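Student: got a structure for you, letters missing:
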């Protein structure tokens, strides 16, 4: 592991009534001790998980629209509102890594074409692959060096089968001892990765939880086991 601790410099915050400090999980946040090579952030949209992940990317000097330190391109509203207020503790410090934002991946793919860097992604334009293929090409070709990798909802472009393929890639990288991952996700498949730490941003705090305690697991399991009953309740039939 490289990144050991994340702290909110609360003394620098002028008001906890202003965004993003008004988000309950951020308002009550003080510090996180990272214990695993793979850490998952889970929670409803708006709970603060992507906000904190983006702040970590900003502090790592990654492009907060998506990319690493050497990917320079502009996308509106890509500045982190929280990055200046957190402190990262490393042992050892690494500068290599990548920040994946599913929502702005198109812009990153265009940037790769503009700088003629297709060779780093299997030799094909990311735009000339399906969304899922492009994501897996990124994982397989770019995530192959010692570094920290920050992924915001990578499942957005991955079918269940490709999520399993991603887990295999993730495991190979983690097993090498040279990679650390922090992943914000809604996917019960990805959350099943063994020995990961799962941090929930629901209920106004950031708390460690287990796979079976996540709403993602419980709701998915209940639906699969009680599909007809749940649909009747939802649809009023």
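Tutor: Received the coordinates, thanks. Because the structure is predicted, anything quoted here is derived from the model rather than measured. Numbering: from 1, shown residues only.
Student: Please, where are all the strands along this protein?
Tutor: For the chain, strands defined by DSSP state E occupy the ranges 3-8, 31-33, 38-42, 86-90, 97-101, 147-152, 179-184, 197-200, 207-209.
Student: okay, the ones you listed in CSV with mean neighbour count, mean pLDDT and distance to residue 222 next?
Tutor: Any C-beta I mention is one placed from the backbone N, CA and C, and that applies to glycine too. As requested, these are arranged in CSV below (neighbours: other Cβ atoms under 10 Å; pLDDT from 0 to 100; distance: least, Cβ to Cβ, whole Å):
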stretch, mean neighbour count, mean pLDDT, distance to residue 222
strand 3-8, 18, 97, 33
strand 31-33, 15, 96, 30
strand 38-42, 24, 98, 17
strand 86-90, 15, 96, 36
strand 97-101, 26, 87, 30
strand 147-152, 24, 93, 27
strand 179-184, 25, 95, 23
strand 197-200, 21, 98, 18
strand 207-209, 14, 97, 17
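Student: Need those in CSV (columns: distance to residue 66).
Tutor: As requested, the strands of the chain are exported to CSV (distance: least, Cβ to Cβ, whole Å):
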stretch, distance to residue 66
strand 3-8, 19
strand 31-33, 23
strand 38-42, 17
strand 86-90, 19
strand 97-101, 4
strand 147-152, 9
strand 179-184, 13
strand 197-200, 22
strand 207-209, 28
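Student: of all these, which lies closest to residue 134?
Tutor: Of all those, it is strand 97-101 that lies closest to residue 134, at 11.1 Å by Cβ to Cβ.
Student: residues making contact with the closest one?
Tutor: The contact list for strand 97-101, computed with Cβ atoms under 8 Å, 6 or more residues apart in numbering, reads 53-54, 57, 60, 62-68, 108, 135, 138, 142-143, 147-152, 154.
Student: again, 6 Å this time
Tutor: The set of residues that contact strand 97-101 without belonging to it, under Cβ atoms under 6 Å, 6 or more residues apart in numbering, is 57, 62, 66, 68, 142, 147-152, 154.
Student: again, but for stretch 11-31
Tutor: 7-8, 47-48, 51, 81-82, 85, 201, 204-206.
Student: just stretch 153-173 next, same as before
Tutor: Against stretch 153-173 from outside (Cβ under 6 Å, 6+ apart): 100, 102, 131-132, 135, 139-140, 143, 179, 184-185, 187, 189-190, 193.
Student: hmm, back to that, to residue 233, which of the strands of the chain lies closest?
Tutor: Taking Cβ to Cβ as the measure, the strands of the chain were each checked against residue 233, and strand 38-42 came out nearest at 24.4 Å.
Student: now the angle between strand 3-8 and the closest one, please.
Tutor: Using axes from the mean of the first three to the mean of the last three Cα atoms, to 10 degrees, the inter-axis angle of strand 38-42 relative to strand 3-8 is 30 degrees.
Student: thinking in terms of the whole chain, how far from its middle is strand 38-42?
Tutor: In this view, strand 38-42 has its centroid 7 Å away from the chain centroid, taken as Cα atoms, centre = their mean, to the nearest Å.
Student: Equivalent analysis for stretch 146-160, please.
Tutor: What separates the centre of stretch 146-160 from the centre of its chain is 6 Å, taken as Cα atoms, centre = their mean.
Student: Equivalent analysis for stretch 29-40, please.
Tutor: Here the centre of stretch 29-40 is set off from its chain's centre by 13 Å, with Cα atoms, centre = their mean.
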